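Peer 1: could you look at this predicted model? Sequence included:
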Amino acid sequence: MNFFFDVVLNAFIRMLQLFWFGKRRISNSLSIYVKTNEGNTLCVDLDPKWDIKNVKEVVAPRLGILPEDLKVILAGKELHNSTIIEECDLGQQSILHVVRTQPGRNRTRKLNLPQDTIEELASENSDVNESGSKPMNETLTDLPLEEAEESVTTISEQEQEENRAHFYVYCSAPCKSVQPGKLRVRCERCSSGAVTVDRDPQCWPDVLLPQRITVHCENDFCLPPLSVTHTEEIESQILYAKFYFKCANHTSLGETDESVPLYLIKPNLRKVPCLACTDIRDTVLVFPCEAGHVTCLDCFCDYCTARLHDRHFEFDTVHGYYTLPCPTGCPDSYILEVHHFHLLNAHQYEQYQRFGTEEYVLKAGGLLCPQPDCGMGIIPQSPDTDTTDEECRKIQCIGGCGYVFCRRCLQGFHVDDCETQHPVLSSSQNPATGTYAVDPLKAKDAKWDEASKKTIKVSTKPCPKCRTPTERDGGCMHIVCTRAGCGFQWCWVCQTQWTRDCMGNHWFG
Amino acid sequence: MANIAAQRIQREFKEVIKSEEVAKCAIKVELVNDSFTELKGEIAGPPDTPYEGGNFVLEIKVPETYPFNPPKVRFITKIWHPNISSVTGAICLDILKDQWAAAMTLRTVLLSLQALLSAAEPDDPQDAVVAKQYKEQPDMFRQTAKHWTSVYAGGPAKMPELDDKIRRLTDMGVEEHNARVALSSYNWDLERATEQLFS
């Protein structure tokens, strides 16, 4: 009886739909790709108001299958018949995976999977699986920082609605900026997107670390490697999810179009005030320290700008990143995903990259070409700077401006000992040529360089250890070299290491 | 000034005004200009110290990069303390330098300075002369600090003996403050102070 009723109802709905489709297509259509597990790709125009059942009915005839035999998969979830496309966070040219249900195959697979996953898989075939029917983006409202934390439960549906942008990514192309992101998943073994996850990820480690969440792969060509032993065979049956992120701002450029997740940026569901400006903002950056200190994105940018201006980014000696810790000085709080610094503007990010590179060169025992506007990194072959051998002191900027200089005083190369005082600038006449040929353009440049050289010489003193020109703008005579990795404490008056005597005699000049 | 710094100072200002310490008259803060770039702080000398009964005025300059860089604080009231320059009022306190953290506030800074008055750190001195006296002649140090508190910070102590020595020098035409500095630096040895002043 029930069956008969269903058939009649279906027929009726289909008739209605035939009648409606023409009208529906006029409202803004969504052009998406449908990928099957047989390797076909169809381009389909959908109406965002449709539900998944409508999608099945459009796709099924083109594949020569009954709509009832289809499963629609998006981002690791089978979509329920009643799910409305609008709710799925689908963009133009997104990919939906359509799979022909094969009850027989599913059953054999189930037996090989670990015990706790069986239940969920078993419910997969029945259409009433509510949690599984929702797209994953919606069930994942806030990925908590700590694995132990439980989130979602206390959040009302209205709040969920207000916070639809759950993830942020750095989109390197074409947006070149920080954008809302979409979480997607594929099979770790065959990279097919036609997978359903066995459980929802609950925290960032679930998403970022490999082999934490198992999947069921619908790809017919996802074959296990040849196994020798029985245990290997069982292991090879277990498939893991590989999560990745897409930029939600631009039309998908295909399956390889991925973006870097900026996992420290979160929706501020707990209404935590920013530690710097104390405002409660919707989107915040949570530092990876134990306390999880929070700044708003504006204050984060200010923090980075202040540190960048002072060249006070730090080296994380464990991982080797040139980065920043939590601004409250918590231990072990370095930002390990440096793409977060893309929150700065393009010019500042470039500066960050340049400073980072320069610091690496200097840390590796290298030098930076002292010519203005050059600054080429040079790593000399012989590390010893104390030798009297002139050839060791002589450094040429190869690949850069070609300047030949003395590695000890960073002045033009000279035969005798380095001058300790600033030498008087030589006249622009070149004694080697004797004649006085002036290229007007070059003369102008030279003057400019000389002017800046003069300014630097007049207003700075070199750090006695690393020779970095240092400017003193007030305060006492105790100078701490701000170059990362140097930090030498010296006396502005004596130009040697800072001592008790300096403190007693001329601390304030 | 960046907006964040001004906004934050505004809130911290309110925090200080409402704090218990203000109610107890231990700390105070006033605005110097409307843009929140400069403030005037005041701390009471802690009990059982030579600074008891004195009120010490501080100059607080807020950098544009606040709260990611520390405020610049110095004593305007002259004070005899190993970690504070007797000449400029500059302060040697780690939280005002490399140990500054963005979560600290005007209130915590003022309370830390008050704590510094209770517990000097002579091994990290700002004023080497005072530090030497603090370590080698603690009684002399206490007397001197008390005297400075009464002269410059409105402290209650009366020390006629020290005032007398200063008068002897001012009678010779030495400016009063210079006389006080010289005497304090030479452990109130009138002869050596005179020698130094006229050398």
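Peer 2: In hand now; what should we look at? None of these values were measured; they are calculated from a predicted model. Residues are numbered from 1 along each chain as shown, chains lettered A, B, ... in the order given.
Peer 1: where's A:Ser31, which helix or strand?
Peer 2: Element membership for A:Ser31, per DSSP states H and E: strand A:30-36.
Peer 1: can you pull the buried residues of that strand?
Peer 2: Going by neighbour count (16 or more other C-beta atoms under 10 Å in any protein chain shown), the buried part of strand A:30-36 is A:30, A:32-36. For glycine as for every other residue, the C-beta is placed from the backbone atoms N, C-alpha and C.
Peer 1: which one is the spatially most central residue of chain B nearest to, not counting chain neighbours?
Peer 2: Nearest to the geometric centre of chain B sits B:Phe75, at 4.3 Å (C-alpha atoms, centre = their mean). The spatially closest residue to B:Phe75, leaving aside those adjacent along the chain, is B:Gly89, at 3.6 Å (C-beta to C-beta, 6 or more residues apart in numbering or on different chains).
Peer 1: could you pull up the residues touching the one you found?
Peer 2: Residues in contact with B:Gly89, defined by C-beta atoms under 8 Å, 6 or more residues apart in numbering or on different chains, are B:59, B:74-79.
Peer 1: picking that back up, between the buried residues of strand A:30-36, which is closest to chain B?
Peer 2: Nearest to chain B among those is A:Leu30, at 41.2 Å by C-beta to the nearest C-beta.
Peer 1: am I right that B:Leu117 is in a helix?
Peer 2: Yes: assessed by DSSP: H, G, I helix; E, B strand; the rest coil, B:Leu117 belongs to a helix.
Peer 1: my read: it touches B:Glu52, true?
Peer 2: No: if you go by C-beta atoms under 8 Å, B:Leu117 and B:Glu52 don't touch, sitting 9.5 Å apart.
Peer 1: make sure A:Pro469 is actually in contact with A:Lys453.
Peer 2: No: using C-beta under 8 Å, A:Pro469 is not in contact with A:Lys453; the gap is 10.3 Å.
Peer 1: so where do the helices sit in chain B?
Peer 2: For chain B, the helices defined by DSSP state H cover B:3-18, B:20-23, B:106-118, B:128-136, B:138-152, B:160-171, B:176-185, B:190-198.
Peer 1: an error on my part: the question was meant for chain A.
Peer 2: Under DSSP H, chain A gives helices at A:2-26, A:52-63, A:103-112, A:115-124, A:130-133, A:136-139, A:157-162, A:204-208, A:230-237, A:297-309, A:346-363, A:390-393, A:440-459, A:500-506.
Peer 1: buried residues in the one helix or strand in chain B whose mean pLDDT sits lowest?
Peer 2: Every helix and strand in chain B was compared by mean pLDDT, DSSP states H and E; the lowest is helix B:20-23, with a mean of 72. Using 16+ other C-beta under 10 Å as the test for burial, helix B:20-23 gives B:21-22.
Peer 1: output the contacting helices and strands for that helix.
Peer 2: Under the contact criterion of 3 or more C-beta pairs under 8 Å, 6 or more residues apart in numbering or on different chains; DSSP states H and E, helix B:20-23 touches helix B:106-118.
Peer 1: what's in contact with the helix it packs on?
Peer 2: With C-beta under 8 Å, 6+ apart, helix B:106-118 has contacts from B:9, B:12-13, B:15-16, B:19, B:21, B:26-27, B:29, B:39, B:41, B:43-46, B:48-49, B:51, B:56, B:58, B:60, B:71, B:73, B:81, B:83-84, B:91, B:93, B:95-96.
Peer 1: what bits of the stretch 251-400 of chain A have low per-residue confidence?
Peer 2: Within the stretch 251-400 of chain A, the stretches with pLDDT under 70 are A:383-391.
Peer 1: can you name the residues of it that neighbour chain B?
Peer 2: Residues of the stretch 251-400 of chain A lying near chain B by C-beta under 8 Å from any C-beta of the partner chain: A:275-279, A:293, A:298-299, A:302-303, A:305-307, A:309-310, A:327-329.
Peer 1: at 10 Å what do you get?
Peer 2: Counting by C-beta under 10 Å from any C-beta of the partner chain, the residues of the stretch 251-400 of chain A close to chain B are A:273-279, A:291, A:293, A:295-296, A:298-299, A:301-307, A:309-310, A:312, A:324, A:326-330.
Peer 1: now those: which count as buried?
Peer 2: A:273-278, A:293, A:295-296, A:298-299, A:301-307, A:324, A:326-330.
Peer 1: can you count the residues close to the closest residue to A:Lys465 other than its chain neighbours?
Peer 2: Spatial nearest neighbour of A:Lys465, chain neighbours left out: A:Phe488 (3.9 Å); criterion: C-beta to C-beta, 6+ apart. Residues near A:Phe488, counting by other C-beta atoms under 10 Å in any protein chain shown, number 16.
Peer 1: return the residues in contact with A:Phe488.
Peer 2: Neighbouring residues of A:Phe488 by C-beta atoms under 10 Å, 6 or more residues apart in numbering or on different chains: A:463-466, A:468, A:470, A:479-481, A:497-498.
Peer 1: next one: B:Thr144
Peer 2: Taking C-beta under 10 Å, 6+ apart, we find B:Thr144 in contact with B:50, B:80, B:86, B:130, B:133-134, B:137, B:159, B:162, B:180, B:183-185, B:187-188.
Peer 1: what's the ChimeraX line that selects buried ones from the residues you listed?
Peer 2: Buried members of the contacts of B:Thr144, defined by 16+ other C-beta under 10 Å, are picked up in ChimeraX with:
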select /B:50,80,86,130,133,134,159,162,180,183,184,185,187,188
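Peer 1: which one of the helices of chain B has the poorest average confidence?
Peer 2: Note on those: helix B:20-23 shows the lowest mean pLDDT, a mean of 72.
Peer 1: before we move on, back to that, joint contacts of B:Leu117 and B:Glu52?
Peer 2: Counting by C-beta under 10 Å, 6+ apart, the contacts common to B:Leu117 and B:Glu52 are B:44-46, B:149.
Peer 1: would JSON lines of the residues you listed with neighbour count and distance to chain A be doable?
Peer 2: Compiled in JSON lines, those are given as follows (neighbours: other C-beta atoms under 10 Å in any protein chain shown; distance: C-beta to the nearest C-beta, whole Å):
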{"residue": "B:Ala44", "neighbour count": "20", "distance to chain A": "27"}
{"residue": "B:Gly45", "neighbour count": "25", "distance to chain A": "25"}
{"residue": "B:Pro46", "neighbour count": "17", "distance to chain A": "26"}
{"residue": "B:Thr149", "neighbour count": "28", "distance to chain A": "23"}
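Peer 1: pull up the overlap in contacts between A:Pro469 and A:Lys453.
Peer 2: Common neighbours of A:Pro469 and A:Lys453, counting by C-beta under 10 Å, 6+ apart, are A:Pro370.
Peer 1: circling back to that earlier point, what's the separation between the residue nearest to the centre of chain B and chain A?
Peer 2: Per C-beta to the nearest C-beta, to the nearest Å, B:Phe75 is found 14 Å from chain A.
Peer 1: what's across from that residue in the sheet?
Peer 2: Beta bridges link B:Phe75 to B:Leu58, judged by DSSP bridges.
Peer 1: doesn't B:Cys92 make contact with it?
Peer 2: No: with contact defined as C-beta atoms under 10 Å, B:Phe75 does not reach B:Cys92; the gap is 11.5 Å.
Peer 1: any common contacting residues for these two?
Peer 2: Listed contacts common to B:Phe75 and B:Cys92 are B:81, B:84-85; contacts here mean C-beta under 10 Å, 6+ apart.
Peer 1: distance to chain A and pLDDT added to these, as TSV?
Peer 2: Output for these, formatted as TSV (distance: C-beta to the nearest C-beta, whole Å; pLDDT from 0 to 100):
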residue	distance to chain A	pLDDT
B:His81	15	93
B:Ile84	12	90
B:Ser85	7	86
